[in-house]
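Colleague: Any chance you could fold what I've pasted below:
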Amino acid sequence: MLLLTTLASMLFTSYLMRFPLDKLRMPRLLAPLLVGFIFQLLPFTSSLRDVVMGEAFQLLAQLGITFLLFLIGLQLDAEKLRSLSGEIAALSILNLAFSSVLGCLILQVFGYSLLISILVSSALATVAETTIAPILDELGVIRTKMANLIVGSGILDDVAEVMVAFSASVVVGATEYTVNPAFLALGFLTLVVLALAFSRLVIPVVTRFNKEPSDTAFFLLAVSSALMFTAVSQRFGLGVLLGAILSGFTFQKLKHKDSNESDGFVSLRTITYGFLGPIFFFGIGLSVNLSSFIQAFQLTLLLLGANFLGKFSAVLLVGRKARLDHRTMIVIGLGLSTKFSMGIIPIQIFYSAKVIDQQLFSAFVAVSTITTMIIPFTLAYIINRWKQTMG
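Modeller: Residues are numbered from 1 along each chain as shown. Just a heads-up that it's a prediction; the model follows:
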């Protein structure tokens, strides 16, 4: 009863919020994110949080981000990704290096040990591409060079997120979070084999016996492949992003040239962006901690500065070599600066084990909160203004 009431209220309020957002040319997925922020101010917030943390809501949110990322993978330009592989690798490595070093120095000044400073700053350096990628898609720029650099870096970034979580679990001895590196490697290999089997066996068989899949068949194949790849990815501790995007990327071979206009594709996109996706973004909005900024004001500002300085330094170096214009570099820098990703996992492990104090935990959450509240809206605004001049 409470879950249905919450969903109904969130969806209806998001519908109303879309009118001012449309006038501002903002992505409609920002509506449920805003609603989540607003609902925190209501007197019954604790009941809403209980709903959001419930198994049913989490399942719907998981389906939301799975299908959002699948649709993004379905539209990524394979040739462009291959041509940008060097820039993507350099951007990901430099981003993690600069942000981690700056964050580590700040935490050392505040008296934290070297090991904790390295792990926490590395977790803070990671990117919340699951929040940014759907917004880039809704803005119609997901196939551009800048979007490929953001999403591609985010995919490589996930490896670092998993390894930091693994290191944190080893430090505190929390076996429930421990992942064997060989197990991770097996997971990557399994996903590669699954992608090859799908593209070289499943798709040829489907196209041979069903040369023109109906809209319903397209929908069923898309949903089943997205769930299958994501389930494998999660089973090996690799998270949602890698499996979901890879499934969409592999599924491109089954698309008809006009599949973007087919009822099957439209139905999947409508359900994702009109129902499941908003649930995911509402959960993010309601989960951010608005009070954490006050609890660790100075450390939050310094870590926030290190986050932006590290990201934009990496983008500047790679962007100059890749001959990107300054507007494109600003967008990429902002896109890489959003937090609220898997990086929160090692911080929760440390905090639960009392390895870090309330100040550091609050500062980390505050940085994640501030970037989540500000960057998606800022990014949407400047992309709308500069869209015609960026690559």
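Colleague: going forward, measure contacts and count neighbours with C-alpha atoms only.
Modeller: Noted.
Colleague: ok, and the closest non-adjacent residue to Ala90?
Modeller: Nearest residue to Ala90, sequence neighbours excluded (C-alpha to C-alpha, 6 or more residues apart in numbering): Val318, at 6.9 Å.
Colleague: Neighbours of the one you found, how many?
Modeller: Val318: 21 surrounding residues under other C-alpha atoms under 10 Å.
Colleague: Would you quantify the distance from it to His326?
Modeller: Distance, Val318 to His326, using C-alpha to C-alpha, to the nearest Å: 12 Å.
Colleague: Contacts only, for the residue nearest to Ala90.
Modeller: Residues in contact with Val318 (C-alpha atoms under 8 Å, 6 or more residues apart in numbering) are Glu87, Ala90, Leu91.
Colleague: Could you double-check that the last one lies in contact with Leu316?
Modeller: No. Using C-alpha atoms under 8 Å, Leu91 is not in contact with Leu316, being 9.5 Å away.
Colleague: Same drill for the two, tell me which one is more crowded.
Modeller: More crowded of Leu91 and Leu316, by other C-alpha under 10 Å: Leu91, with 28 against 21.
Colleague: mind checking which helix or strand that one is in?
Modeller: Here Leu91 sits within helix 85-109, counting by DSSP states H and E.
Colleague: Show me which residues of the helix or strand just after that helix are buried.
Modeller: Per DSSP H and E, helix 85-109 leads on to helix 114-125 as the next helix or strand towards the C-terminus. Using 16 or more other C-alpha atoms under 10 Å as the test for burial, helix 114-125 gives Ile116, Ser117, Ile118, Leu119, Val120, Ser121, Ser122, Ala123, Leu124, Ala125.
Colleague: Tell me how far the fourth one lies from Ile356.
Modeller: As judged by C-alpha to C-alpha, Leu119 and Ile356 stand 11 Å apart.
Colleague: The first one now?
Modeller: Using C-alpha to C-alpha, one obtains 8 Å as the distance from Ile116 to Ile356.
Colleague: With the second one instead?
Modeller: Applying C-alpha to C-alpha, the value for Ser117 to Ile356 is 10 Å.
Colleague: what does the fifth one give?
Modeller: The gap separating Val120 from Ile356 is 9 Å, by C-alpha to C-alpha.
Colleague: what does the last one give?
Modeller: For Ala125, the distance to Ile356 (C-alpha to C-alpha) stands at 18 Å.
Colleague: got the contact list for Ser14?
Modeller: Residues in contact with Ser14 (C-alpha under 8 Å, 6+ apart) are Ala31, Pro32, Val35.
Colleague: so can I have TSV of the residues you listed showing secondary structure and distance to Ile294?
Modeller: Rendered in TSV, the data for these read as follows (DSSP: H, G, I helix; E, B strand; the rest coil; distance: C-alpha to C-alpha, whole Å):
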residue	secondary structure	distance to Ile294
Ala31	helix	26
Pro32	helix	25
Val35	helix	22
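Colleague: By neighbours, which of those residues wins?
Modeller: Highest neighbour count within those, by other C-alpha under 10 Å: Pro32, with 28 neighbours.
Colleague: Name the nearest residue to that one, sequence neighbours excluded.
Modeller: The shortest distance from Pro32 to any residue other than its chain neighbours is 4.7 Å, reached at Phe282 (C-alpha to C-alpha, 6+ apart).
Colleague: Output the contacting helices and strands for the helix or strand where that neighbour lies.
Modeller: If you go by DSSP H and E, Phe282 is part of helix 277-287. On a contact count with 3 or more C-alpha pairs under 8 Å, 6 or more residues apart in numbering; DSSP states H and E, helix 277-287 meets helix 2-23, helix 30-39, helix 45-52, helix 55-75.
Colleague: what is the orientation angle of the last one with helix 277-287?
Modeller: Pointing back at helix 55-75 there. Interaxial angle, helix 55-75 versus helix 277-287 (axes from the mean of the first three to the mean of the last three C-alpha atoms, to 10 degrees): 120 degrees.
Colleague: what mean pLDDT does helix 55-75 have?
Modeller: Helix 55-75 shows a mean pLDDT of 90.
Colleague: Using PDB, write down the CA coordinates of that helix.
Modeller: C-alpha atoms of helix 55-75 as PDB (Å, rounded to 0.1, in the frame of the first residue of the first chain):
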ATOM      1  CA  GLU A  55      13.200  -5.000  -1.500                       C
ATOM      2  CA  ALA A  56      10.400  -4.200  -4.000                       C
ATOM      3  CA  PHE A  57      11.500  -0.600  -4.600                       C
ATOM      4  CA  GLN A  58      15.200  -1.600  -5.000                       C
ATOM      5  CA  LEU A  59      14.200  -4.300  -7.500                       C
ATOM      6  CA  LEU A  60      12.300  -1.700  -9.600                       C
ATOM      7  CA  ALA A  61      15.200   0.800  -9.300                       C
ATOM      8  CA  GLN A  62      17.600  -1.900 -10.400                       C
ATOM      9  CA  LEU A  63      15.500  -2.700 -13.500                       C
ATOM     10  CA  GLY A  64      15.400   1.000 -14.200                       C
ATOM     11  CA  ILE A  65      19.200   1.500 -14.300                       C
ATOM     12  CA  THR A  66      19.600  -1.800 -16.100                       C
ATOM     13  CA  PHE A  67      17.400  -0.800 -19.000                       C
ATOM     14  CA  LEU A  68      18.600   2.700 -19.100                       C
ATOM     15  CA  LEU A  69      22.200   1.500 -19.600                       C
ATOM     16  CA  PHE A  70      21.100  -1.200 -22.000                       C
ATOM     17  CA  LEU A  71      19.500   1.600 -24.200                       C
ATOM     18  CA  ILE A  72      22.700   3.600 -24.000                       C
ATOM     19  CA  GLY A  73      24.800   0.600 -25.000                       C
ATOM     20  CA  LEU A  74      22.300   0.100 -27.900                       C
ATOM     21  CA  GLN A  75      23.200   3.500 -29.200                       C
END
